[in-house]
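[1] curious how this folds, go ahead:
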Amino acid sequence: DLTEYFENSLSGGRRTRTASNFITVLGQLVEIGSPATTVLTQLEANEASPADVFVYWHAFLQATSEILFDDTQEIPSDVWSEILGILNYRDCQVFVDGNLSDGADVYLAGAYLHPAYLDSNFFKVEDHQMRLDTSDSDLISVSYPSVFCRVIQFLLIVAQKEILHGKKPALTRWKGHATAFKDQFRAEMLKYGRREFPYHQGFTEQEGIMSWWRSLNDHEFGKILPVLALKIHAVRANSMAEERTVSTFTWITPALQNRLSVGSMVAMTKIKQFYTAKKQAQKDANPKPSASFQLVKQHDMTKKASDPIFDEEGDFWLDVPPDISERADKLEANKRGIVNMLSMSLKSILGGKQVVKRQIESSREWELGIEDVDDNDFTVTI
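    Have a look, this model is predicted:
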């Protein structure tokens, strides 16, 4: 019987203690869940990329931890410690060394290869002494050297597979010329890491990340990196487009109208999705997802969706034992030297504002020397 949680049985219409406690706990639940629902809403966009997943996940961690440690929320210690334990477990599972971390470098590379995030204070800045102690003097003027090294190693692995087994002429032509490839690729990465020409141009959300990288194709210092960056940003972060297509099939072929041919179904689906996308573009010209707590809170969740929703199957990795995560008193993400969890950029993302830029240091040119050698060893030591 849930009546006691909602009834006003006291004189003057005041709530009972049970009802008041329920409202308090419900309010805490809504506050704790708000960052998650906001991020999930944005990552269901068709344009969501690995970079968005990486950045929005850490924005979610930051926002949730601030709520948990907010004294005004009065969240019990056993509750917030258990929630932190769950967050740490999921973070490690996907982005560190868990059973879903095989693609962790894809997310990191996507974020680093996004000029808006590179120009922000999203990543942690290594202390001055560590930058001076690096064995490679060329890395001193690069934005976030440690992240740069990790990304370049990952991109080399991707490039080697494409060169030896792929079909992209821009990459396969380097087969048998590994040394020349590494020199060219290193030069392009250094220029991007320093935001030097031709990677110095600004970025706007209206332009979109794919268009930004396409504009650099076939440049003298854009023969390799733009190809790899486009490959990373083209990775789909969700299956919402496919789910919407299947939902459209169901919508146009109900039980009493199921004699449409396959060709007619495809044509009707294309028309519906075209005008739906056009209508959305007119309403909001921003092609990238932007989070806004206010918009999510104002959204009427009681309205019936236009498309049917089906429960997904096969998410067995979510079915973990209740005691899989230990209680924690802090976020493990704060300890790792990659993301600046105090970054104002994270707060600006969830606030629906532009990413906060940091002061870019002046950089110097790196001279390129190419030596053509007939080998296929594309690894490099940094």
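
[2] could you name the helices and strands sitting against the longest helix seen in the chain?
    Using DSSP state H, we find that the single longest helix of the chain is helix 17-43. The contact analysis (3 or more CB pairs under 8 Å, 6 or more residues apart in numbering; DSSP states H and E) places helix 17-43 against helix 50-68, helix 293-298, helix 344-350. The C-beta positions use only the backbone N, C-alpha and C, and glycine is treated the same way.

[3] let's see it at 6 Å
    On a contact count with 3 or more CB pairs under 6 Å, 6 or more residues apart in numbering; DSSP states H and E, helix 17-43 meets helix 50-68, helix 293-298.

[4] what's the average pLDDT for the last one?
    It stands for helix 293-298. Mean pLDDT, computed over helix 293-298, is 40.

[5] output the below-cut-off pLDDT ranges for the stretch 201-350 of the chain.
    Scanning the stretch 201-350 of the chain for pLDDT under 70 picks out 256-257, 278-325, 337.

[6] which stretches in it count as helices?
    Listed in chain order, the helices of the stretch 201-350 of the chain (DSSP state H, counting those that start in this stretch) span residues 209-214, 225-233, 240-252, 262-283, 293-298, 344-350.

[7] only the buried residues of stretch 192-211, if you could.
    Buried residues in stretch 192-211, counting neighbours by 16 or more other CB atoms under 10 Å, are found at 192-196, 199, 203, 208-209.

[8] ah, wrong one, I meant stretch 21-37
    For stretch 21-37, the neighbour count (16+ other CB under 10 Å) marks 22, 28, 31-32, 34-35, 37 as buried.

[9] mean confidence score for that stretch?
    On average, stretch 21-37 scores 91.

[10] identify the residues contacting that stretch?
    5, 60, 63-64, 67, 73, 75 (CB atoms under 6 Å, 6 or more residues apart in numbering).

[11] again with stretch 232-247
    44, 46, 48-50, 53, 109-110, 209-210, 307-308.

[12] can you do 8 Å?
    43-46, 48-53, 106, 109-110, 113-114, 158, 209-210, 213, 269, 273, 307-310 (CB atoms under 8 Å, 6 or more residues apart in numbering).

[13] show me how far that stretch is from its chain's centre.
    Centroid separation between stretch 232-247 and its chain, computed with CA atoms, centre = their mean, to the nearest Å, is 14 Å.

[14] low-confidence ranges, the stretch 1-150 of the chain, go.
    1-13, 126-136.

[15] switch the cut-off to 80
    For the stretch 1-150 of the chain, the stretches with pLDDT under 80 are 1-16, 126-138, 140.

[16] dihedrals phi and psi, residue 120?
    With angles defined as degrees, to the nearest 10, residue 120 shows backbone torsions of phi -90, psi -170.
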